[in-house]
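Peer 1: with the input below, show me the fold.
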Amino acid sequence: MIFFYQADELRGLISTNHLQISQKLKQSLSNTLTLFYPLAGRIQDMYVVDCNDAASKFIEARARIQLNDALQEFINEQVKHLKPIPGPALVVVKVTFFDCGGIAIGLCVSHKLADGPSIMSFLNAWAASCRGEAHEFPGLNLNLANIPAGNFSLPKLRSDDPKNIVTKRFVFDKEKLEALKQAATSPSGSNVKNPTRVEVVSAFIWKHFIDVAKSENPEAKKTFAASHSVNLRGRTSPPLVLENIFDNCYMSMTAFTSTSDGEFHDLVTPLRSAIKKVNEDYITKARSGDNYLNDSSKFVSLAMNGELEFCFFISWCRYFVYEVGYGWGKPISFCNSAVPVKNIACLVDSRSGDGIEALISMPQDEVEILESKIKPFTVPRRRSTPKLHDFFRFNCIFGPVFDTLIV
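Peer 2: The predicted model follows:
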């Protein structure tokens, strides 16, 4: 993930004093790792975290372009220089300084150890330390959620060439979301009451994933599925049972449909039903039994037989990513790094808080079809003057200035 900070928001710091900024970030990162000590360790034998203080990696880089040059609609090539490359360290940070004084802070945290809420807990603690503020730390609950019970892993269901996958950003503002909600609850629409932003955007995108799949192979008889990551925190009673878990505390719940001719509001109901299924009783049974495994078997069986067209949704909404400030203002933009997997959509709140930005990854030819269908229902993202080829002229400038281990 990458957070972008504007130069004129560098309050209390000289924007050209990169050393001062780096030192504050490094020292506060070191302080925070003492609280989140597993992140300074290493993965051993796939399933064990050795808390050996082997350190996290901190990289500094210069980009001799303006910050706005990096904020384009297609994000694959532009931001790959701003995000750190994963390695043995469980946390890798890359700070890029732009000519205009702006800053990009890229972060890579091993998904073997942490999910979105866990990462945000770490980020908020680090930002508070950098600001010199006391951060209320509830303590790190390392009791693994153990959900689902037993040894559970999905087989590889398809092989996507990452080189053929592109990621594009679509923005749904408050007005567009209200229109989608109205369409989902109209007299001719579904009977879902008060659909959420995430529900209508997910159903809308899923519908167009289906349309693209049908246009590619109109004669195929397939089932269509959408899997949604569901955060388990707050879904138990009392909610604190899982609230401070530092782990991958989520389930992927799947909705199915066999029709490709309905409207998007017809998909809101199965999506909501799949997500709402995750309640306290379901979580309890998943920790002690195999109900989740049984629910997943339909997905696996259809996919393995080539009878399924599926997509994935990851929601970072209400994670308050635009509140992560290190002492020089809040981010002007946020990018959850492109995932080179076909038909995956990452949803995150817009900067205003009342919209949704969707990062959608698909093959190049398919994303162009999707864009033609979705774009009338989204708002254009502000473009900077330089074109994509202008950005590539500066590729040679991107590179590490310092490469430091933070303990």
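Peer 1: buried sites along stretch 163-178?
Peer 2: Of the residues in stretch 163-178, 165, 166, 167, 168, 169, 170, 171, 172, 176, 177 count as buried by neighbour count, 16 or more other C-beta atoms under 10 Å. Yep, even glycine has a C-beta here, placed from its N, CA and C like the rest.
Peer 1: what are the phi and psi values at the second one?
Peer 2: Yep, that's residue 166 we're talking about. Per-residue torsions, residue 166: phi -120, psi 160 (degrees, to the nearest 10).
Peer 1: any idea what residue 309 is bridged to?
Peer 2: Going by DSSP bridges, residue 309 is paired in beta bridges with residue 224.
Peer 1: mind jotting down where the helices sit in the stretch 301-407 of the chain?
Peer 2: Assigned by DSSP state H, counting those that start in this stretch, the helices in the stretch 301-407 of the chain fall at 364-374, 388-392.
Peer 1: comparing these, which yields the minimum mean pLDDT?
Peer 2: Ranked by mean pLDDT, the helices of the stretch 301-407 of the chain bottom out at helix 388-392, with a mean of 32.
Peer 1: list the contacts for the residue nearest to residue 102 when sequence neighbours are not counted?
Peer 2: Counting by C-beta to C-beta, 6 or more residues apart in numbering, residue 102 lies nearest to residue 67, which is 3.3 Å off, once chain neighbours are set aside. Residues in contact with residue 67 (C-beta atoms under 8 Å, 6 or more residues apart in numbering) are 4, 6, 7, 98, 100, 102, 104.
Peer 1: residue 59: neighbouring residues, count only.
Peer 2: Per other C-beta atoms under 10 Å, the neighbour tally for residue 59 reads 18.
Peer 1: and which of the contacts of residue 67 is nearest residue 212?
Peer 2: residue 4 (30.3 Å; C-beta to C-beta).
Peer 1: the closest one is in what secondary structure piece?
Peer 2: In this assignment (DSSP states H and E), residue 4 forms part of strand 2-5.
Peer 1: can you give the strand pairings for that strand, parallel or anti for each?
Peer 2: Short version: by DSSP bridges, strand 2-5 pairs with strand 103-109 (antiparallel), strand 333-335 (antiparallel).
Peer 1: show me where pLDDT drops low in the stretch 1-150 of the chain?
Peer 2: 8-16, 70, 72-81, 83, 85-86, 137-140, 142-150 (pLDDT under 70).
Peer 1: then the stretch 151-300 of the chain?
Peer 2: Using pLDDT under 70, the stretch 151-300 of the chain drops low at 151-160, 187-190, 239-242, 260-261, 289-290.
Peer 1: domain map for this structure?
Peer 2: For the chain, the structural domains run 2-145+385-406, 162-377, going by automatic domain parsing.
Peer 1: still on that earlier bit, and the residue nearest to residue 102, how far is that from residue 357?
Peer 2: 18 Å (C-beta to C-beta, to the nearest Å).
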